[in-house]
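Enquirer: okay, sequence plus prediction incoming.
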Amino acid sequence: PADLAAGRQKLAPLVADTRKAQDELERALDHNEGDRRLDGSDLIETAKAYGDVAGLVGKRDGALRRQREAELDLRLPATD
């Protein structure tokens, strides 16, 4: 039980980081209220927005990778 509590404590901030990064990505891509530059009305701004979204994907993927590595270190089943 102490090991489980320690594992949960270690994972909690990593899971929170992953969820936060996913939420940021979803907000940017939201059809109704997301990044309007993705509408494609200005090619330069759309290209910049693609770069920004790629950065958000990288941030999310990095957070998820850190979470999965910690899960492997703790030998826990993956969380969603």
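Expert: Structure's in. What do you need?

Enquirer: which helix runs longest in this structure?
Expert: helix 43-74 (DSSP state H).

Enquirer: and it, what does it pack onto?
Expert: Contacts defined by 3 or more CB pairs under 8 Å, 6 or more residues apart in numbering; DSSP states H and E place helix 43-74 against helix 2-29. Just so you know, the C-beta spots here come from the backbone N, C-alpha and C atoms, and that holds for glycine as well.

Enquirer: show me how far the helix it packs on is from its chain's centre.
Expert: Taking CA atoms, centre = their mean, to the nearest Å, one finds helix 2-29 lying 9 Å from the centre of the chain it belongs to.

Enquirer: what is the neighbour count of the nearest residue to A49 once chain neighbours are set aside?
Expert: Spatial nearest neighbour of A49, excluding adjacent residues (CB to CB, 6 or more residues apart in numbering): R37 at 3.6 Å. Neighbour count of R37, defined by other CB atoms under 10 Å: 18.

Enquirer: so where's the chain shaky on pLDDT?
Expert: Scanning the chain with the threshold set as pLDDT under 70 gives 76-80.

Enquirer: for stretch 25-38, which positions count as buried?
Expert: Buried residues in stretch 25-38, counted by 16 or more other CB atoms under 10 Å: L25, A28, G34, D35, R37, L38.

Enquirer: let me redo that: stretch 61-77
Expert: Buried, per 16+ other CB under 10 Å, within stretch 61-77: A63, L64, Q67, A70, E71.

Enquirer: got the contact list for R60?
Expert: T18, A21, Q22, E24, L25 (CB atoms under 8 Å, 6 or more residues apart in numbering).

Enquirer: change it to 10 Å
Expert: By CB atoms under 10 Å, 6 or more residues apart in numbering, the contact list for R60 reads D17, T18, R19, K20, A21, Q22, D23, E24, L25, E26.

Enquirer: how much space separates it from S41?
Expert: R60 sits 26 Å away from S41, taking CB to CB, to the nearest Å as the criterion.

Enquirer: one more: L64?
Expert: As judged by CB to CB, L64 and S41 stand 32 Å apart.
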